[in-house]
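# return a 3D structure for these sequence lines:
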Amino acid sequence: MRVLLSTYGSRGDVEPLVGLAVRLRELDVRVRVCAPPDEDFARRLGDVDVPLVPVSQSARVRAKDAPSVSSLPRHAAEVIARQFEVIAPAAEGCDVLLVTGMMPAAAGALSVAEMLGIRSVSVTFQQLTLPASHRRPLAYPGRAFPPGVTDNRALWELDAQSTDALFGEALNANRAAAGLPAVRNVRDFVIGKQPWLATDPVLDPWQASPELDPDLGVVQTGAWISPDERPLPAELMEFLAAGAPPVYVCFGSMPMRDSADVAKVAIDAVRGQGRRIVIGRGWADLTLIDGLPDCLSVGEVNHQALFGRVAAVVHHGGAGTTATATRAGVPQVVVPQLADQPYWAGRVAELGIGAAHDGPTPTFESLSAALDTALTSETLVRAGTVAGAIRTDGATVAAKLLVETAAADQPAASA
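Numbers count the residues shown, from 1 in each chain. Sure, this is the predicted structure:
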C-alpha cells in the first residue's frame with residue numbers, strides 16, 4: 001500500500017505528518033510527505049527515514065515575506081498551480097492522498113486526487129476552520145466581517161464567500177485545465193463531509209453543529225505525536241544539570257517583528273522570577289542580550305525531551321507546541337500571534353494549565369504577570385493532572401483509519 005501525505009505550511013503542519021508517517025510504516029505502508037522545501041522539514045523527516053517531496057517556496061521565506069491582501073489571490077494561484085505540478089506525479093500509484101495545510105494548497109491537492117481517481121482524506125490540526133454555530137469563523141487578513149453582522153451562521157456564510165473570492169478563480173482555472181468540473185464552494189470542498197480533526201479531545205473538545213451542517217461528520221483522532229528519540233545537545237544537557245529547571249522561551253515558526261525587544265522582555269521577565277532561561281531562536285531569531293551564565297540560546301531541539309525538564313514554556317500557541325507542552329505536564333504561557341493561536345491560549349487558561357497573554361507583544365509587566373500565574377504550585381499540579389488525561393495514540397488511530405480508508409470502496413473527493 002502506498003500513501004502520500006501532503007501539506008503546505010509551517011513546522012506545525014509538517015511535524016504531525018512525521019508522527020503519522022512513522023505509524024503508517026509500522027503497518028507496512030510505503031509513505032512519502034509532500035511539503036515545503038525547508039531544510040529543517042527535510043532534516044526532521046530524514047530523522048525517521050521518510051522521503052520529502054518538496055513543493056513550492058520555503059515556508060520560512062513565505063512567513064517572513066507574507067503576501068499583501070491585494071496580492072493574496074495571485075499568490076494562491078501560484079500555490080495551487082504548484083500542487084498540480086508536484087502532487088500529480090508524486091501521487092501516481094498511491095492508494096490514498098491525505099491532505100492538510102493552507103486552504104489553497106489543500107484545494108489543489110484534493111483536486112489532484114480527484115483527477116487521478118484516488119481516495120483522499122482532508123485533515124485539520126485545529127477546529128476553527130470547521131463551521132460551528134457556537135463560534136465565529138476566523139477572518140482572512142484584510143477581509144474583516146461587517147461589524148453589524150453578529151449571527152454566527154451568517155458569518156460562516158460570509159466566510160465561504162471570502163474563501164471563494166480569494167481562491168475560487170485560481171482553483172477552477174487549474175481544475176478546468178485538468179478536465180475537472182468547477183467547485184462551487186471552495187471551503188466546503190476542502191473540508192468535505194468527513195474531515196479528520198487531529199487534536200486531543202481534552203485539549204480541543206469538538207462540538208457538532210447539526211443545525212449549521214447536518215451532514216458534517218468530524219472524525220477526531222487525537223493529536224499526531226510520535227515519540228522523538230533525538231538526544232538534546234550536550235551544551236543544553238549541561239545547562240539543565242547545572243541548576244534549577246529553567247523557563248523555555250520560543251515562538252516557533254513566528255518571525256515576529258522587533259525580535260530583539262521581545263528577547264530582552266522575555267529574559268528580563270524570567271530573571272525577575274528568579275529563574276534561569278533557555279531561549280529557542282526559532283524563526284524569530286531570538287538572541288541573548290548578554291553573556292550571563294543564567295541564559296542559554298538553542299536552535300531546533302527535541303521538545304518532548306526538553307519540556308519535561310523545564311519549569312514553564314513560553315510559546316506562541318501553535319497547535320503542536322501546545323499539545324506537546326500539555327502532554328509533558330509543564331505550565332505554559334501562551335503569547336498568541338495570529339490565526340488559531342488565541343484559541344489555544346484560551347484553552348490553556350480555561351484548563352488551568354497556564355496563562356494566556358493578552359495580545360501578541362509582551363511587555364515586562366504583562367509577561368511577568370503571566371509568569372506569576374504559570375509558575376504557581378497550583379498550575380503545576382493542574383498541568384500534571386491534565387497531562388494524565390491526554391491521549392497518546394492519536395497517530396496510531398489515524399494510521400489504522402487511513403489504511404481502512406485506502407482499502408474501502410469510496411469515491412474520490414468531489415465538489
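# pretty sure residue 109 sits against residue 82.
No: using Cβ atoms under 8 Å, residue 109 makes no contact with residue 82, being 10.1 Å away. Bear in mind the C-beta positions are built from the backbone N, C-alpha and C, glycine included.
# skipping its backbone neighbours, what lies nearest residue 335 in space?
With sequence-adjacent residues excluded and distances taken as Cβ to Cβ, 6 or more residues apart in numbering, residue 335 is closest to residue 357, at 4.3 Å.
# and that neighbour, how many neighbours?
Residue 357 has 24 neighbours, counted by other Cβ atoms under 10 Å.
# quick one on the thing from earlier: with neighbour numbers in mind, choose between residue 109 and residue 82.
Each of residue 109 and residue 82 has its neighbours counted (other Cβ under 10 Å); residue 109 has more, 33 against 18.
# shouldn't the more buried one be within a helix?
Yes: under DSSP: H, G, I helix; E, B strand; the rest coil, residue 109 sits within a helix.
# got the contact list for it?
Shown in contact with residue 109 (Cβ atoms under 8 Å, 6 or more residues apart in numbering): 6, 34, 83, 87, 97, 99, 101, 120.
# over to residue 289?
Contacts for residue 289 were tallied using Cβ under 8 Å, 6+ apart; they are 260, 263-264, 267, 295.
# tell me which of these fall in helices.
Using DSSP state H, the subset of the contacts of residue 289 located in helices is 260, 263-264, 267.
# export those to a markdown table and tack on neighbour count and distance to residue 249?
Supplementary listing: the ones in helices among the contacts of residue 289 in a markdown table, determined by neighbours: other Cβ atoms under 10 Å; distance: Cβ to Cβ, whole Å:
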| residue | neighbour count | distance to residue 249 |
| --- | --- | --- |
| 260 | 12 | 14 |
| 263 | 24 | 8 |
| 264 | 17 | 11 |
| 267 | 23 | 8 |
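# and of those residues, the nearest to residue 278?
Set against residue 278, the nearest of the ones in helices among the contacts of residue 289 by Cβ to Cβ is residue 267 (10.6 Å).
# thought that closest one was touching residue 277?
Yes: look at residue 267 against residue 277 with Cβ under 8 Å: they come within range, at 5.6 Å.
# intersection of neighbour lists for those two?
Counting by Cβ under 8 Å, 6+ apart, the residues touching both residue 267 and residue 277 are 249, 295.
# now do the strands in the stretch 51-200 of the chain.
All strands of the stretch 51-200 of the chain, identified by DSSP state E, counting those that start in this stretch, fall at 52-54, 96-99, 119-124, 196-197.
# ok, back up a step: which of the contacts of residue 109 are buried, as a PyMOL select command?
To isolate the buried members of the contacts of residue 109 in PyMOL, using 16 or more other Cβ atoms under 10 Å:
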select buried, resi 6+34+83+87+97+99+101+120
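# from the contacts of residue 109, which is closest to residue 220?
Proximity of the contacts of residue 109 to residue 220 was ranked by Cβ to Cβ; the top entry is residue 99 with 17.4 Å.
# what pLDDT does residue 8 get?
pLDDT recorded at residue 8 is 92.
# re earlier: and the residue nearest to residue 335, its phi and psi?
The phi/psi pair for residue 357 (degrees, to the nearest 10) reads phi -70, psi 140.
# so it makes contact with residue 365?
No: using Cβ under 8 Å, residue 357 makes no contact with residue 365, being 11.4 Å away.
# and the longest helix along the chain, what does it pack onto?
Longest helix in the chain by number of residues, with DSSP H as the criterion: helix 72-91. Under the contact criterion of 3 or more Cβ pairs under 8 Å, 6 or more residues apart in numbering; DSSP states H and E, helix 72-91 touches strand 2-6, strand 30-35, strand 52-54, helix 103-116, helix 169-177.
# how far does it sit from its chain's centre?
Counting by Cα atoms, centre = their mean, to the nearest Å, helix 72-91 is centred 20 Å from the centre of its parent chain.
# just want the angle from that helix to helix 169-177.
Between helix 72-91 and helix 169-177, the angle comes out at 40 degrees (axes from the mean of the first three to the mean of the last three Cα atoms, to 10 degrees).
# what's helix 72-91 in contact with?
By Cβ under 8 Å, 6+ apart, helix 72-91 touches 4, 6, 8, 32, 34, 53-56, 67, 97, 102, 104-105, 107-109, 111-113, 115-116, 118, 140-142, 165-167, 169-171, 173-174, 177-178.
# so which of the contacts of residue 289 is the closest to residue 252?
Distances from residue 252 to the contacts of residue 289, taken by Cβ to Cβ, are shortest for residue 263, at 14.5 Å.
# counting neighbours, what do you get for the closest residue to that closest one other than its chain neighbours?
With Cβ to Cβ, 6+ apart as the criterion, residue 263 has its nearest non-adjacent residue at 4.4 Å, and that residue is residue 286. Per other Cβ under 10 Å, the neighbour tally for residue 286 reads 22.
# so the residue most central in space within the chain is in which element?
Nearest to the mean C-alpha position of the chain, counting by Cα atoms, centre = their mean, stands residue 12 at 3.6 Å. For residue 12, the host element (DSSP states H and E) is helix 11-26.
# would you enumerate the residues in contact with residue 348?
Counting by Cβ under 8 Å, 6+ apart, residue 348 makes contact with 317, 322, 326, 332, 334, 354-356.
# mind checking how far it is from residue 373?
In this view, residue 348 and residue 373 are 10 Å apart by Cβ to Cβ, to the nearest Å.
# same deal with residue 78?
44 Å.
# also residue 269?
Relative to residue 373, residue 269 is positioned 13 Å away (Cβ to Cβ).
# looking at these two, which has the bigger crowd around it?
Comparing residue 269 with residue 373 by neighbour count (other Cβ under 10 Å), the higher total belongs to residue 269, at 26 against 17.
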